[in-house]
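Asks: Build me a model from this:
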Amino acid sequence: MNGVNISKNQKSNLLRQKMSQCSYLKNYMDNFQSRGNPLPNFVDTMSEEHREMKDPNIVYQISDDIFIHINSHVASDDGYNEYVIIEPDEPDSQLLELADKMFASNSKDLIAPEEITEKYNMIDEYAKKYFIPVKSNVNYTKIKNPYELKKLNVNVRDLSSLHYHFLRRRAGLGILEPFLKDPNLEDISIVGAGNLYVIHKMFGALKSSVFLSGANIDELVINLSEQFGKTISHSRPIVDATLPEGSRINIVYGKDISRKGTNATIRRFSSTPLSITQLLKSKTWSYEQAAYMWMMLDEGVSIFINGETASGKTTSLMALAPFIPSNWKICSIEDTPEITLPHVNWLNETTRDTGNESTSVTLFDLLKAALRQRPNYILVGEIRGAEGSTAFQAMQTGHPVISTFHSHNMTSLIQRLTNEPINIPKTHIENLNIAIFQSSVLGPDGKRARRVTSINEIVGYNSKNDGIMFVTLFEWDSSTDTVKFRGKGSSTFFTQKLLPMRGLGKKDEMKLYDELTLRSNILKKMVEKKVFNFYEVFESISYCKKIGLEEFMNKLEMR
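Replies: Down below sits the predicted model:
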């Protein structure tokens, strides 16, 4: 059922059905409406159309027990819409404490699996076996020694809430667990004592109703650090790590270096990346930009995707990956595993930081190893230091490299590459073929949006002025929110690289621009036909390469 294409009354009726089945959802909604607010609509499936909602008031479900309410009806002085987690009420604190103590005693012989799903299933089975539902009232204060309990009688009215919160504490990540179950979140921010904030894929920045004190936050991050195996303390206050379910977390611990106290940011990564067709629909990329990159990646060129933090660099890197031929060998290298590729012949390698130079494995180490693995493409999560020099050596020896990089224009890119700690000679910069710049901008509707602001071809080194020559082929116009293409005859790479690679001459140059138009139309047709799934896009591009552009376009039109 699509949450957009059904009537408003049907959406409200769906929510009423859920309320009749779930007492805590009903209690929450009764309280919300008692303050003069309208009943929200229930959304079964999130879609791109929800981005256009100006005053959202919707509810969606992320698990059997958890609902999310996005609303603009709760007054907020700071301009944020609200993100509310609706979950079972916490059971009596004494009951939860009894369950914890009994588990501490009974779980001595249990071996916790490393895989998060298996751990969840183990704790779930334990709760079903040892929490015994009874209809009579239970006086928990009379239980003197919970460590000797083999089973715990629980009143049926308390059982579901105990089960939920016990699982959340023992198999999940406590108060963060509901946030991490929501596939629509990109970032979760703990900014010090106060409310948590989130970045929602459809609604942008939202203020969570969850409030934490400074002491709560310190306790939370210390417990988290135990789960990902890194000690956090005043002597080691900054930690980057990966949570058990795959999200990336950065923690800054203590008031001595963070004025508002301990803070943490969690970056979420979808198991299925956004596809290029989804980014085309949201206008992050233009059709001609994407078609051009399709042609470039099909031939194997080196690319840096540049931008500030949270501009969508890694998202674009993964979205472009299906343009790399399906039978090529790819090696990806990262500090924290973020990249997901659809290729079968893909080596996915990550660094190891042990705090000991002799046992740690750096990006530099992995990049050197990758050169011996004979990949067709090397993908580096982010270049920041000495590995940059090795990446350029790889380009020189015929190994194309794609990486993300922090810079906002060509000047800053060249400055960062040619200075400490990367130190690439200017004469070697031309080994990098294409520089893409991406940014988070203010769209015409007043909302933040991601846009590829320019695509540049790096032509070479000019010894006369000691500068790098480049051509800006595509440039985003902020006044119209459109991309301007310099037009036919403007691409240096078409004449210098693609024509020789294909055994063509200068007289055939216009054929490449006709091909660019055809590829652009193919992508438009794929969006029109709703080919949005990342893996379906990959299969479509691979099939297109097999049968040819014209034949594939014909099949799309008949679809």
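
Asks: and Glu97, what does it touch?
Replies: Each residue near Glu97 by CB atoms under 8 Å, 6 or more residues apart in numbering is listed here: Pro146. Just so you know, the C-beta spots here come from the backbone N, C-alpha and C atoms, and that holds for glycine as well.

Asks: host element of it?
Replies: Using DSSP states H and E, Glu97 maps to helix 93-106.

Asks: After that helix, which helix or strand is next?
Replies: helix 116-130.

Asks: Direction included, what does the helix or strand that that following helix is followed by pair up with?
Replies: Once the chain leaves helix 116-130, the next helix or strand it forms, by DSSP H and E, is strand 131-134. Here strand 131-134 is paired, per DSSP bridges, with strand 152-155 (parallel).

Asks: Might you calculate how far the partner strand sits from the centre of the chain?
Replies: Using CA atoms, centre = their mean, to the nearest Å, the mean C-alpha position of strand 152-155 is found 41 Å from that of the whole chain.

Asks: Restrict the helix holding Glu97 to CA atoms and write it as PDB.
Replies: Extracted as PDB, the C-alpha positions of helix 93-106 are listed here (Å, rounded to 0.1, in the frame of the first residue of the first chain):
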ATOM      1  CA  SER A  93      11.700   0.300  37.600                       C
ATOM      2  CA  GLN A  94      11.800  -2.400  40.300                       C
ATOM      3  CA  LEU A  95      10.500  -5.100  37.900                       C
ATOM      4  CA  LEU A  96      13.100  -4.100  35.300                       C
ATOM      5  CA  GLU A  97      15.900  -4.200  38.000                       C
ATOM      6  CA  LEU A  98      14.700  -7.700  39.100                       C
ATOM      7  CA  ALA A  99      14.800  -8.900  35.500                       C
ATOM      8  CA  ASP A 100      18.400  -7.500  35.100                       C
ATOM      9  CA  LYS A 101      19.700  -9.100  38.200                       C
ATOM     10  CA  MET A 102      18.100 -12.500  37.400                       C
ATOM     11  CA  PHE A 103      19.600 -12.300  33.900                       C
ATOM     12  CA  ALA A 104      23.100 -11.500  35.400                       C
ATOM     13  CA  SER A 105      22.900 -14.700  37.400                       C
ATOM     14  CA  ASN A 106      21.300 -17.000  34.800                       C
END
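
Asks: What are the structural domain limits within the protein?
Replies: The record assigns the chain these domain ranges, following automatic domain parsing: 1-91, 93-172, 276-558.

Asks: Nearest approach to Ser208 belongs to which of those?
Replies: domain 1-91 (4.8 Å; CB to CB).

Asks: avg pLDDT for the closest one?
Replies: Here domain 1-91 scores 84 as its mean pLDDT.

Asks: sorry, back to before: just name the most buried of the domains of the chain.
Replies: domain 276-558 (a mean of 17; mean count of other CB atoms under 10 Å).

Asks: And that one, how far out from the chain middle?
Replies: Centroid separation for domain 276-558 versus its chain: 18 Å, with CA atoms, centre = their mean.

Asks: Quick check: mean pLDDT of it?
Replies: Across domain 276-558, pLDDT averages out at 93.

Asks: what do you get for stretch 99-107?
Replies: pLDDT averaged over stretch 99-107 gives 83.

Asks: Which residues are in contact with Val138?
Replies: Asn153, Val154, Asn155.

Asks: Now with 6 Å, please.
Replies: Applying CB atoms under 6 Å, 6 or more residues apart in numbering to Val138 gives the contacts Asn153, Asn155.

Asks: Now the phi/psi pair for it, please.
Replies: Note on Val138: its backbone torsions stand at phi -120, psi 130 [degrees, to the nearest 10].

Asks: before we move on, back to that, could the domains of the chain be laid out in TSV, adding distance to Ile217?
Replies: Converted to TSV, those look like this (distance: least, CB to CB, whole Å):
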stretch	distance to Ile217
domain 1-91	17
domain 93-172	17
domain 276-558	22
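
Asks: Now tell me what touches the longest strand seen in the chain from outside.
Replies: In the chain, assigned by DSSP state E, the strand with the most residues is strand 448-462. Residues outside strand 448-462 that contact it (CB under 6 Å, 6+ apart): 204, 284-285, 289, 312, 410, 426-427, 430, 432, 435-441, 443, 469-476, 492-493.

Asks: how close does the nearest residue to Leu363 once chain neighbours are set aside sit to Thr272?
Replies: Leaving out its chain neighbours, the residue that sits closest to Leu363 by CB to CB, 6 or more residues apart in numbering is Glu387, at 4.2 Å. Distance of Glu387 to Thr272, computed by CB to CB, to the nearest Å: 28 Å.

Asks: Figure out which of the domains of the chain is closest to Arg248.
Replies: Smallest distance to Arg248 across the domains of the chain (CB to CB): 4.8 Å, for domain 276-558.

Asks: How far does that closest one stretch from one end to the other?
Replies: In domain 276-558, first residue to last residue: 22 Å (CA to CA, to the nearest Å).
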